[in-house]
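J.: sequence and predicted structure, then a few things I'm wondering about:
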Amino acid sequence: MNQHVAPTTGCAERPILKERGQREVFCGLTGIVWLHRKIQDAFFLIVGSRTCAHLMQSAAGVMIFAEPRFGTAVIDDHDLAGLADANDELDKVVDRLLARRPEIKLLFLVGSCPSEVIKLDLSKAAQRLSTRHNPDVRVLNYSGSGIETTFTQGEDACLSALVPSLPDEAEGAEKSLMVVGALADVVEDQFRRLFETMGVGPVSFLPARRAAEMPAVGPNTRYLLAQPFLADTAKLLEKRGATRLAAPFPLGAEGTTTWLRAAAEEWGVDPARFDAATEAGRARAAKAIERSRAQLDGKAVFFFPDSQLEAPIARFLNRECGMRLTEVGMPYIHREHMEQEFALLPESVTLSEGQDVERQLDRCRQARPDIAVCGLGLANPLEAEGLTTKWAIELVFTPIQGYEQAGDLAELFARPLNRRTRLKV
Ligand code: SF4
């Protein structure tokens with residue numbers, strides 16, 4: 001039964017519409033699509049059903065290369081009959097995989113709805129397999145199940161599994177910066193150069209590109225979240241002594257500048273040096289956004305909850321592209337992590353948390369936005385009703401963070417509006 005909860009007062013005293021009803025969101029397995037490309041010697045073994053395998057194949061379809069770094073150990077009827085068998089089967093699958101692929105150094109056993117339903121204990125399996133394949137391969141586990149995770153929470157679960165295995169900071173280590181959240185390599189390189197120019201460092205990234213290069217953590221670690229969906233990872237880093245630098249997320253020129261500034265201030269960088277280091281990037285971003293601005297200015301956008309990137313993208317579209325915000329829906333709200341984003345959103349926008357899809361569709365129809373950002377399942381019906389849509393999943397698969405990508409981010413929204421205008425002509 002759907003439950004509807006009236007607006008309550010939330011972050012920065014803003015009313016938030018909370019809904020708990022039917023949702024239309026991918027499960028956390030989807031995160032494997034970008035994570036397997038990021039950690040180059042890792043393998044993601046989904047312990048799941050044929051449905052899970054199909055989801056992964058269609059989500060990652062265009063990106064599969066000769067030796068994919070993910071696969072599915074399919075739980076079948078035989079496994080459902082007895083857990084002992086399921087564990088034996090899993091061990092055999094892993095032995096075969098590691099014998100055939102000696103380049104794998106980090107193996108994630110990824111839980112799914114079926115593995116949860118039969119209560120297969122993947123943390124025990126990971127410990128057992130880690131001992132068995134020690135020291136060549138480290139085996140970790142996390143859940144990407146649709147019962148426990150939405151879309152981008154899969155990355156949070158994966159990084160949370162990594163945090164306890166990160167090395168301790170060396171005794172008397174200097175203050176260091178950790179950027180947390182998977183970013184495209186090109187974006188990571190740009191940020192690394194910017195921090196270097198400002199004199200902020202040493203800088204590390206979580207996840208690192210290789211298993212042996214995962215960063216150390218401890219009380220001298222300051223961390224910046226590069227993604228807004230890493231609540232559990234953040235909690236675990238803090239448990240290990242790290243301190244979060246509060247900032248908006250690095251989307252658009254404004255978000256990138258304030259995000260970089262949070263680190264610069266922590267390192268006591270002279271404001272003139274900060275301006276000099278960021279000036280060219282800011283100018284390039286403003287120029288690139290300008291190309292789409294004419295198309296976006298004054299247009300209305302509505303966000304269904306999906307990727308958890310909704311608030312920072314809404315802030316960018318509103319403040320840098322001149323778009324009007326109607327509703328910004330988020331799957332869940334982490335108050336502390338979102339505080340700085342919400343402070344930059346106009347008072348008039350409806351913020352909602354969770355979903356009751358039918359009610360939200362009604363609000364969207366009533367708002368008649370120029371563009372609705374939603375999951376794949378809602379896009380076709382909305383398009384059929386004459387609304388222009390943007391698939392939220394594209395925003396996660398495309399590099400959009402940092403100065404050099406700000407123009408692409410604006411264009412992702414300008415393009416469907418352009419297409420709609422051409423169709424009308
Ligand atoms: Fe479906 Fe669950 Fe598998 Fe995700 S984990 S594909 S929701 S069965």
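T.: Arrived safely. These numbers were taken from a predicted model, which means no experiment stands behind them. Numbers count the residues shown, from 1 in each chain.
J.: contacts only, for Asp55.
T.: One correction, residue 55 is Leu, not Asp. For Leu55, the contacting residues are Phe26, Cys27, Leu29, Thr30, taking Cβ atoms under 8 Å, 6 or more residues apart in numbering as the criterion. Bear in mind the C-beta positions are built from the backbone N, C-alpha and C, glycine included.
J.: out of those, which are inside strands?
T.: Members of the contacts of Leu55 lying in strands (criterion: DSSP state E): none.
J.: now, which of the residues you listed sits nearest the ligand?
T.: Nearest to the ligand, judged by Cβ to the nearest ligand atom, of those is Cys27 at 3.2 Å.
J.: need the pLDDT of that closest one.
T.: As predicted, Cys27 sits at a pLDDT of 88.
J.: same question, Phe342
T.: Phe342 carries a pLDDT score of 95 in this model.
J.: please apply the same query to Leu409.
T.: According to the model's per-residue confidence, Leu409 sits at a pLDDT of 97.
J.: does Ala406 touch Gly252 like I think?
T.: Yes - proximity of Ala406 to Gly252 meets the contact threshold set by Cβ atoms under 8 Å, at 5.1 Å.
J.: between the contacts of Leu55, which sits nearest Ala372?
T.: When the contacts of Leu55 are compared for distance to Ala372 (Cβ to Cβ), Phe26 comes out closest, at 17.3 Å.
J.: residue contacts, the closest one?
T.: Leu55, Ala59, Gly146, Thr150, Phe151, Asp306, Gly375, Ile393.
J.: re the thing from before, quick one: common contacting residues for Ala406 and Gly252?
T.: Counting by Cβ under 8 Å, 6+ apart, the common neighbours of Ala406 and Gly252 are Ala285, Ile289, Phe316, Glu320.
J.: is it correct that Gly201 falls within a helix?
T.: No - the assignment for Gly201, made by DSSP: H, G, I helix; E, B strand; the rest coil, is coil rather than a helix.
J.: quick one: the helices in the stretch 1-150 of the chain?
T.: Defined through DSSP state H, counting those that start in this stretch, the helices belonging to the stretch 1-150 of the chain, from first to last, are 32-38, 50-60, 77-81, 83-100, 113-117, 122-133.
J.: check whether the first one comes near the ligand.
T.: No - in terms of Cβ under 6 Å from any ligand atom, no part of helix 32-38 sits within range of the ligand; the closest distance is 10.8 Å.
J.: in contact with Gln401, which residues?
T.: Applying Cβ under 8 Å, 6+ apart, the residues near Gln401 are Leu183, Ala184, Val187, Ala226, Phe249, Pro250, Leu251, Thr256.
J.: pLDDT at the fifth one, what is it?
T.: In this case it means Phe249. 98.
J.: would you map the strands across the stretch 101-250 of the chain?
T.: For the stretch 101-250 of the chain, the strands identified by DSSP state E, counting those that start in this stretch occupy 106-111, 138-143, 176-180, 203-206, 221-225, 243-244, in order along the chain.
J.: mind checking the end-to-end distance for stretch 379-391?
T.: Length of stretch 379-391, first residue to last, Cα to Cα, to the nearest Å: 7 Å.
J.: gap between that stretch and the chain center?
T.: Centroid separation for stretch 379-391 versus its chain: 24 Å, with Cα atoms, centre = their mean, to the nearest Å.
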